[in-house]
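# can't give you the sequence, but here's the structure:
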C-alpha cells in the first residue's frame, strides 16, 4: 500500500496575525520617532539650543540624553525582531543570542546559565523587578583622577555613597573573570584609540548577586585631541537577559519536543506500513482457485486522523489459511505513537499465528485477551475476526468490543448481529461467542474500526434490521450509519476497490479526530 501518511506536519501559523502586524507597525513608528529625538539630543545643547560643538564639548546632560536614546534604540530593535519572529512562527534553527553580527566578546552568550542573571537584592532596595531599566552614569577624569557617579550607579553596583565610586583600575575586579579581559580591552580602546564603548558584562555585587549591565560610553577629548576623561551610562539589563534566556530555553525545549514528535511519528508510520498488507488495488482470495463463484475480491484503506499528528493502533488484515479459508480481521489498540503501533504489530502477529493453527474466531479472541491481560504494558483493544469458507460461502465471526461487520445485499445494508465479547484486556478469562452468517454471491462485507466519523455518537438508521426476524439495532456508531447510506453506491460498484474509493470520499472529514481502517470483501459471482 502506498504511503498514506506524512512523517512531518508544518507548524501552524501564530494566531492573531493582524494584531501582530499592527504591533509591528506601531513599533516601527515609535522607532522613527525615537530617531528624531536622538538627532535632537545629539545635535543641540541641553540649555540654549546651540549646535553641538562635538564630543569634547558636549555637556553631561546632552551625553546622558544621547546615551539613553541609544539604549532605547537597541531595545526597540530587539522588540521589532521578537515581534517578527512571533509573527513568522518557530524558526528552523535557534537565532544568535545577540542581534549584532560583530558581537563583542564580553557579552553574555546563549549558553549563559540562569545563575548569571541573579536576582538577589541588597537590603532596602525592594524586589528585583524594580531594577529593570535602572540607569546610572559615571565620569572618570584622567587628569585629576576624580570619579563622579550618579546615585543610581551606586545602587546598580550595590554600593553606598560612603563606599565611594570605583576607579577604572578597580572596576574590572568587580566583573566576573570571564568578562574581565573584554572589558579591559574596551577601556583601552576608548582611552587610547578614542573608540566608543558599547559593552555588556556581568558584575558581582557585595551581596553575592550577579547582575548583567550594559555600558555605553565615549572619551572626552581636550583641546589638543587627547583623552581628558571618559563618561559612561550603565544600565542594569539583568531582568531583560533573564527573560531572553527563558525564551531561548523554552524555544529550544519546543524544538526538541517537535523533533522527538516528528521522529516518533516517522517510526510509527514506518512500522505501520511494514505490518499492514501492502495492497495496491484489489486482492483475490483464495489464490489459484479456478472457481469463479465464492471467492473474495478484497480492498482496504487507512484513513489518518485530520487533527492528530500521531499514528494510532488501527489495523486491517486478510490472509489465506492452509485449508483454503480466508481470515478477515480489523482492530484498534488504545494509544498513539510508537507504543500503539508496536503493540498493534504484536497483536496482529498473534492473530495470524493463532489463525494459522486452525483456531476458531471465538477462541482466537480469548487468546488475544489473555495476551493483552498479561502484557508488561497493559492496554485495551477492540477487534473483529472473521473466517470465510469459499466453498460454502459461510462466514464465522467473533468480536471484542468492536463495531460489527456490515453486510450489503442487493442495494440494502444491514448490521450483523453481534455475538458476546468484551474489550480485549478488560478482564482475565473472558469468553467470546461467535456467529455464522450465510453469504451469497454478490454480497459485500465491510469491516471497519472506530473513528470513521468526527462525532462517533450512537444513532439508529431507520428501517434497518440485524437479520431475519431480529429486533431493530438500538444503537449504531455514526460511522456505521453513514456507511449504510453508501448502499446504493456499493450496489453500482464494479469491484471492491471502487467501494473503498467511495468510503474514502464519504469519510474525508477534516474534523475526524482519530484514524480509522476499512476492509471491503466482495463475494464474486
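Thanks, I have the structure now. All values reported here derive from a predicted model rather than from experimental measurement.
# State the next helix or strand along the chain beyond the lowest-mean-pLDDT helix or strand in the chain.
Between all helices and strands in the chain, the lowest mean by mean pLDDT, DSSP states H and E belongs to helix 60-88, at a mean of 71. Downstream of helix 60-88, the next assigned helix or strand under DSSP states H and E is strand 135-141.
# residues making contact with that next one?
60, 64, 67-68, 71, 146-156, 165, 167-168, 220, 228-236 (Cβ atoms under 8 Å, 6 or more residues apart in numbering). Glycine gets a C-beta too; all of them are placed from N, C-alpha and C.
# Now do that strand, average pLDDT.
Taken as a whole, strand 135-141 has an average pLDDT of 91.
# Next, the buried residues of it.
135, 136, 137, 138, 139, 140 (16 or more other Cβ atoms under 10 Å).
# Among the contacts of strand 135-141, name the buried ones.
64, 67-68, 71, 147, 149-150, 153-156, 165, 168, 220, 228-236.
# Next step: these restricted to strands.
Mapping these onto strands (DSSP state E) picks out 147, 149, 220, 228, 229, 230, 231, 232, 233, 234, 235, 236.
# can you redo those as CSV with distance to residue 508?
Rendered in CSV, the data for those read as follows (distance: Cβ to Cβ, whole Å):
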residue, distance to residue 508
147, 76
149, 72
220, 74
228, 79
229, 76
230, 72
231, 70
232, 66
233, 63
234, 63
235, 58
236, 58
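# Closest one to residue 353 out of the residues you listed, please.
Taking Cβ to Cβ as the measure, residue 353 lies nearest residue 236 of these, at 70.1 Å.
# Any idea what that closest one is bridged to?
residue 213 (DSSP bridges).
# thinking it is in contact with residue 134, fair?
Yes. When contacts are counted by Cβ atoms under 8 Å, residue 236 is listed as touching residue 134 (4.5 Å).
# Can you check which residues contact both of those two?
By Cβ under 8 Å, 6+ apart, the residues touching both residue 236 and residue 134 are residue 156.
# For the stretch 351-500 of the chain, just list every one of the helices.
361-373, 478-484, 487-492, 496-506 (DSSP state H, counting those that start in this stretch).
# looking at those helices, which is closest to residue 286?
Using Cβ to Cβ, these put helix 496-506 closest to residue 286, at 15.2 Å.
# quick one: average confidence on the closest one?
For helix 496-506, the mean pLDDT works out to 92.
# likewise stretch 30-42?
78.
# Any stretches of the stretch 351-500 of the chain with poor pLDDT?
Scanning the stretch 351-500 of the chain for pLDDT under 70 picks out the ranges 453-476.
# Could you check how far residue 390 is from residue 324?
7 Å (Cβ to Cβ, to the nearest Å).
# who has more neighbours, the two?
residue 390 (21 against 13; other Cβ atoms under 10 Å).
# got the contact list for that one?
Contacts of residue 390 (Cβ under 8 Å, 6+ apart): 285, 286, 289, 291, 294, 295, 296, 324, 325, 326.
# Contact partners for residue 21?
Taking Cβ under 8 Å, 6+ apart as the test, what residue 21 contacts is residue 87.
# Ramachandran angles for it?
phi -60, psi -40 (degrees, to the nearest 10).
# Residue numbering should commence at 545 henceforth.
In the new count, where the first residue is 545, that last one comes out as residue 565.
# which among the buried residues of strand 679-685 gets closest to residue 1037?
residue 679 (78.0 Å).
# Understood, closing this out.
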